[in-house]
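**Student:** From the sequence below, what's the structure:
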Amino acid sequence: NGPIAIESQVFTDDRGIFLETYKRSDFESRGIEGAFVQDNHSRSRKGVVRGLHYQVGEKVQGKLVGVLSGSVWDVAVDLRRSSPTFGQWKSVVLSATEKNLLWIPGGFAHGFLCLSEQADVSYKLTAEYSAEEERGIRWDDSFLSITWPHSDVTVSQRDAALPLWDAADLLP
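**Tutor:** Presented below is the predicted three-dimensional model:
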């Protein structure tokens with residue numbers, strides 16, 4: 001299975017809103033299984049690209065990604081050699097306004113571009129972070145040909161130094 005865009009059911013009244021961001025039975029009915037073991041939160045300013053990040057070995061992570069404030073252009077790249085979509089990417093705009101989520105199964109690299117002045121991104125992970133098993137691929141790798149919405153971006157030194165696709169540690 002690949003990434004799955006999830007539209008949340010939002011209940012609105014004069015007090016505000018309410019929504020379920022995760023309910024195991026609903027996710028399992030979509031084929032999304034696995035217990036979440038770590039939550040992360042990042043804040044980025046407009047034009048920041050984070051990624052493309054992933055983990056290998058026993059620490060391959062599935063990620064449930066949502067935006068608490070602002071909006072991002074989120075992308076997942078299939079790194080599974082055995083997959084019919086190997087080397088392909090999928091993107092979706094995630095926003096606090098839409099309250100949508102993206103499920104990214106293990107075996108995908110993940111990254112995003114902040115579209116709003118600032119965005120707070122929340123991740124639920126199926127494996128804990130491991131520095132030893134962390135990997136990445138350059139966000140602007142020509143093999144992937146990801147059509148990022150903006151080319152004038154800010155990237156960390158660490159992400160700018162990630163390997164290209166041909167040198168990446170891909171998955172079976």
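**Student:** Burial check on residue 77, number of neighbours?
**Tutor:** Counted with other C-beta atoms under 10 Å, residues neighbouring residue 77 total 28. (C-beta placed from N, C-alpha, C; glycine too.)
**Student:** what bridges to it?
**Tutor:** Beta-bridge pairing of residue 77 under DSSP bridges involves residue 89, residue 109.
**Student:** repeat for residue 45
**Tutor:** Counting by DSSP bridges, the residues bridging with residue 45 are residue 118.
**Student:** Let me know the pLDDT of the spatially most central residue of the chain.
**Tutor:** Taking C-alpha atoms, centre = their mean, the centroid of the chain lies closest to residue 110, which sits 4.2 Å from it. At residue 110, the model reports a pLDDT of 98.
**Student:** Distance-wise, check it relative to residue 11.
**Tutor:** Distance, residue 110 to residue 11, using C-beta to C-beta, to the nearest Å: 29 Å.
**Student:** now do residue 66
**Tutor:** Distance from residue 66 to residue 11, by C-beta to C-beta: 17 Å.
**Student:** So between the two, which is more surrounded?
**Tutor:** Counting neighbours by other C-beta under 10 Å for residue 66 and for residue 11 shows that residue 66 has the greater number, 23 against 10.
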